[in-house]
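Participant: Pasting the sequence and the predicted model now:
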Amino acid sequence: MSEFYGVGYPHDMPELPKDRKTINATNRFYFDTEDVVCDILTTHIKNTREVRFVAPNSAAQVALDSLIEKRGIKYTMFGMAFDYWVLGETFPYTELATYPDVGAMCTMNPNDIRVKKVLDSPDRISLISSEVIDDAISNTNVTKNEDGTIQLDAANISHLKMLASPYDIRGTSVIVSVYEDLERLRSAYFAQEIRKDDSDQGHIDLMIEAIKTKLMFGDEATRQARYADFRLALTEWFEKIMGQVPELAGSTIKFD
């Protein structure tokens, strides 16, 4: 079951989405339509957005700055942060072996990804369908599995995930922890609109505050730990892709 959702998911609500694709769509829907979700998640995204790119020496710094600008890596990282906080995971795909001509760099749609746990080795990440392969990914760097999925090279694909439990295979967004609260809030708004009064506004305000607390991970220490988890994952991803370019190996990122 951890392929689809983590232990933080409200399992006792059968009407809620259970498959990965529907969960992702639900998370995006709440982010787009509920101000409390958008405001808090945007805070999380921005908190881990400001970074400095640091090369091991001055000559490498010039090359690194050029690569960052040419490939729009800051924009890619923003997309990664969005998926991480809204969907619970992100799958950046990077090919820099052809640098300085610059290879592929994109963020894969988690809906198109299958993850399989492999003991004593990195998780096996595959594309569900070859139809999603376009000019951003070199067909020479993929292998077709027996089940028809496309095996992605572990050197190129990464998986940054927010874990609801240490043994989960897929990431789980904090939004799933407030599904029930959000549905109650929407019902309260609807009732208020039907009655055309604000007699329940105090109750609605309390519900909003409860949702905020959950989306902010409850307390400052837990929130900062979550931010640190993402910063570490982002740093490890960046150092990994810089390792594809010998003259940029050792480059890293620093958070302001």
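Facilitator: Perfect, thanks for sending it.
Participant: how near is the spatially most central residue of the chain to residue 188?
Facilitator: Nearest to the mean C-alpha position of the chain, by CA atoms, centre = their mean, lies residue 84 at 1.8 Å. As judged by CB to CB, to the nearest Å, residue 84 and residue 188 stand 30 Å apart. Every C-beta, even on glycine, is put in place using the N, C-alpha and C of the backbone.
Participant: can you tell me how far the residue nearest to the centre of the chain sits from residue 60?
Facilitator: 28 Å.
Participant: can you check residue 231 too?
Facilitator: Taking CB to CB, one finds residue 231 at 22 Å from residue 60.
Participant: export the helix or strand where residue 86 lies as CSV, just CAs?
Facilitator: In the assignment (DSSP states H and E), residue 86 maps to helix 73-87. The C-alpha trace of helix 73-87 is given here as CSV (Å, rounded to 0.1, in the frame of the first residue of the first chain):
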residue,chain,number,x,y,z
ILE,A,73,18.3,25.4,-13.2
LYS,A,74,16.7,27.8,-10.7
TYR,A,75,13.4,27.4,-12.5
THR,A,76,13.8,23.7,-12.5
MET,A,77,14.4,23.7,-8.7
PHE,A,78,11.3,25.8,-8.2
GLY,A,79,9.3,23.2,-10.0
MET,A,80,10.9,20.5,-7.9
ALA,A,81,10.0,22.4,-4.7
PHE,A,82,6.4,22.7,-5.9
ASP,A,83,6.0,19.0,-6.6
TYR,A,84,7.7,18.1,-3.4
TRP,A,85,5.5,20.2,-1.1
VAL,A,86,2.2,19.9,-3.1
LEU,A,87,2.5,16.3,-4.2
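Participant: so how far is that helix off the chain centroid?
Facilitator: 6 Å (CA atoms, centre = their mean, to the nearest Å).
Participant: quick one: contacts of that helix?
Facilitator: By CB atoms under 8 Å, 6 or more residues apart in numbering, the residues outside helix 73-87 that reach it are 24, 27-28, 31, 41, 44-45, 48-49, 51, 53, 67-68, 89-92, 105-107, 110, 160-162, 171, 173-175, 230, 233-234, 237.
Participant: buried ones in that helix?
Facilitator: When neighbours are counted by 16 or more other CB atoms under 10 Å, the buried residues of helix 73-87 are found to be 73, 76, 77, 80, 81, 82, 83, 84, 85, 86, 87.
Participant: likewise stretch 217-227?
Facilitator: 217, 223, 226.
Participant: next one: stretch 248-255
Facilitator: Quick answer for stretch 248-255 (16+ other CB under 10 Å): 248, 251, 253.
Participant: so how far is it from its chain's centroid?
Facilitator: Worked out by CA atoms, centre = their mean, stretch 248-255 lies 21 Å from the chain centre.
Participant: The closest residue to residue 244 other than its chain neighbours: neighbour count?
Facilitator: Leaving aside its sequence neighbours, residue 244 sits nearest to residue 96 (CB to CB, 6 or more residues apart in numbering; 4.2 Å). Counted with other CB atoms under 10 Å, residues neighbouring residue 96 total 20.
Participant: what about residue 96, which SS state?
Facilitator: For residue 96, the secondary-structure state derived from DSSP: H, G, I helix; E, B strand; the rest coil is coil.
Participant: same deal with residue 107?
Facilitator: strand.
Participant: Give me the pLDDT for the residue nearest to it when sequence neighbours are not counted.
Facilitator: Nearest residue to residue 107, sequence neighbours excluded (CB to CB, 6+ apart): residue 79, at 4.6 Å. Looking at residue 79, its pLDDT reads 93.
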